[in-house]
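>>> just a sequence and a predicted model for now, questions to come.
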Amino acid sequence: MSDSATPTPMLSRDDLVRYLESGSRPAQEWKIGTEHEKHAFRRDTHAPLSYDEHGGIRDILKGLEQFEWKPVREGEHVIAMTRADGASISLEPGGQLELSGAQLETLHQTCAEIGTHRQQMRAVCSELGAGLLALGFHPTARRDDIHWMPKGRYRIMRAYMPKRGSLGLDMMLRTCTVQVNLDHGSEADMVAKMRVATALQPLATALWANSPFTEGKPNGFLSWRAHVWTDTDPDRCGMPELVFEDGFSFERWADYLLDVPMYFVYRKGQYIDASGQSFRDFMAGRLPALPGEYPTESDWADHMSTAFPDVRLKKYIEMRGADVGPWERLCALPAFWTGLLYDSDSLTAALDLIRPWTAEDRRRLLADVPRQALKARVGGQSLQEIARIVLDIAHNGLKRRNRMNQKGQDETGFLDPLLAIAESGQTPAERLLERYARNPGAGVGWMFEDSGC
């Protein structure tokens, strides 16, 4: 977050482009960063946790201090925890707890980090009578049942969201995702990775589809979370088609971000409401919320974080389209994208696969996947068929990476849960629906009991 009392005037468009370009680094320096969110609930009632209640969100964060996490405050409230290696645990608007992992070199390290996090969260939550649920959408709570977290930026977003879509508040309060952040080596490498990641994001949504319930009943979708994003804010969500246009570049992405309306500016520890205003006006000193002031580089970084396409470019590339799932499946997402994007042969093969797809193909796939998942079709094939091809490409990429653990195992094993889904054609959501169908009168309370934390 920016917090400069003396903003540097005349931040130019070239400066914004250079900021994006500065993320490029040699392949030997590429890292893997994994993030995932969980719904926090009371064990005895399954109710969502509030911030202030005994055993609530604040107490969970405080409990993590025993594991050398340090508190981050906004005013009087602890709103995150950080660790010396750069990892953090932060709060989403409805109290979802998000681990943003450290930048790591191998998937073995990533999975070890996730395992350690699970052990720590289980230890803290068990003492407090709390639990964590890994589903893409809260299966029982109504919007009004969820408690807002005390963060200034969420107050501004809460007021603005209903002006742009009917489901934006649900996105904030009731969704959870798992994502991976990967590096690029040059502008050309960025373009190739953005195209593959954007085109194949619906496939990731299908493989991880895990949100078939709303307020205790089937909602008719396999990824309701993905559907929610289709009616959140058309200015900042979805699949920007510019990624596939000739001449796509850092410069084109900067222009796209400049056209995304602002949410806020952060000054002297406070969030100033600039919702709907223009970053271009800010650069000209004409921002209504701060007339006569100019943005800093940190303001640009803040603004970039308020665009929500399924694949987002900052100094690195974020793949954001998957429902969160059980602990054992969290390692599979970074494996999937690392195998595709961090090996040049795999990246080329993936580009060849998606090249025939038209803009209409991509648009239709994005629309169909929340309901149909692996049964959706593109280019004359089902996503189940495409999943088998893509997972083979990713497997070969991980094989060529040849990153071994202490037992002499490479990283390909992390794809096993996905291979099983692709072979059966049955998504996690469909398995949940099958269990529900066996005894619908029992409701979905068993999900909380089976949560594993």
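Received, thanks. Numbering: from 1, shown residues only.
>>> so what's the residue lying closest to residue 77 once chain neighbours are set aside up against?
Spatially, and ignoring its direct neighbours in sequence, residue 77 is nearest to residue 150 (4.5 Å; C-beta to C-beta, 6 or more residues apart in numbering). The way it works is simple: take the backbone N, C-alpha and C, and place the C-beta from them, glycine included. By C-beta atoms under 8 Å, 6 or more residues apart in numbering, the contact list for residue 150 reads 51, 74-75, 77, 79.
>>> and the gap between residue 150 and residue 443?
32 Å (C-beta to C-beta, to the nearest Å).
>>> same check, this time on residue 188
From residue 188 to residue 443 the distance is 52 Å (C-beta to C-beta).
>>> so between these two, which is more surrounded?
residue 443 (14 against 11; other C-beta atoms under 10 Å).
>>> would the residue nearest to residue 77 count as being in a helix?
No - counting by DSSP: H, G, I helix; E, B strand; the rest coil, residue 150 is not part of a helix but coil.
>>> just want the phi and psi numbers for it.
Reported as degrees, to the nearest 10, the phi and psi values for residue 150 are phi -80, psi 70.
>>> same question, residue 308
Dihedral angles for residue 308 - degrees, to the nearest 10 - are phi -130, psi 50.
>>> hang on, it packs against residue 233?
Yes - Residue 308 is within contact range of residue 233, at 7.2 Å (criterion: C-beta atoms under 8 Å).
>>> compare these two (neighbour count), which wins?
residue 233 (22 against 17).
>>> wait, that one sits on residue 168?
Yes - using C-beta under 8 Å, residue 233 is in contact with residue 168, at 5.9 Å.
>>> tell me, what's touching the two both at once?
Joint contacts of residue 233 and residue 168 (C-beta under 8 Å, 6+ apart) are residue 161.
>>> strands along the stretch 351-453 of the chain, start to end?
377-378, 381-382 (DSSP state E, counting those that start in this stretch).
>>> between the ones you listed, which one is closest to residue 304.
strand 377-378 (29.5 Å; C-beta to C-beta).
>>> quickly run through the sheet partners of that closest one, with directions.
Strand 377-378 sits in its sheet next to strand 381-382 (antiparallel), going by DSSP bridges.
>>> which residues are in contact with the partner strand?
374-376.
>>> cool, stretch 269-289 as well?
3, 9-13, 74-75, 152-153, 155-157, 159-160, 163, 257-258, 260-266, 290-295, 299-300, 303.
>>> hmm, try it at 6 Å
11, 152-153, 156, 160, 258, 261-265, 292, 294-295, 303 (C-beta atoms under 6 Å, 6 or more residues apart in numbering).
>>> quick one: least confident of those?
Ranked by pLDDT, these bottom out at residue 11 (91).
>>> ramachandran angles for residue 92?
The phi/psi pair for residue 92 (degrees, to the nearest 10) is phi -80, psi 170.
>>> return the residues in contact with it.
Taking C-beta under 6 Å, 6+ apart, one finds 37, 98 in contact with residue 92.
>>> at 8 Å what do you get?
Residue 92 neighbours (C-beta under 8 Å, 6+ apart): 37, 98, 149, 172, 176.
>>> and the most far-flung residue of the chain relative to its centre, how far from residue 271?
Distance from the C-alpha centroid of the chain, by C-alpha atoms, centre = their mean, peaks at residue 292 (35.0 Å). Residue 292 is 19 Å from residue 271, where distance means C-beta to C-beta.
>>> hey, which helix or strand in this protein has the poorest pLDDT?
Ranked by mean pLDDT, DSSP states H and E, the weakest helix or strand in the chain is helix 446-449, scoring a mean of 94.
>>> so where's the stretch 351-453 of the chain shaky on pLDDT?
Filtered on pLDDT under 70, the stretch 351-453 of the chain yields the residue ranges 452.
>>> same check, this time on the chain
Using pLDDT under 70, the flagged stretches of the chain are 1-9, 452.
>>> can you point me to the longest strand in it?
What stands out as the longest strand in the chain, according to DSSP state E, is strand 32-42.
>>> that one packs against which elements?
strand 97-100, helix 107-128, strand 130-133, strand 177-182, helix 332-341 (3 or more C-beta pairs under 8 Å, 6 or more residues apart in numbering; DSSP states H and E).
>>> single out the most deeply packed of the ones you listed.
Among the helices and strands packed on strand 32-42, helix 332-341 has the highest mean neighbour count (mean count of other C-beta atoms under 10 Å), at a mean of 27.
>>> give me the residues contacting it.
32, 34, 107, 110, 178-180, 182, 193, 196-197, 200, 204, 207-208, 317, 319, 322, 346-347, 350, 390-391, 393-398, 401, 411-412, 414-418.
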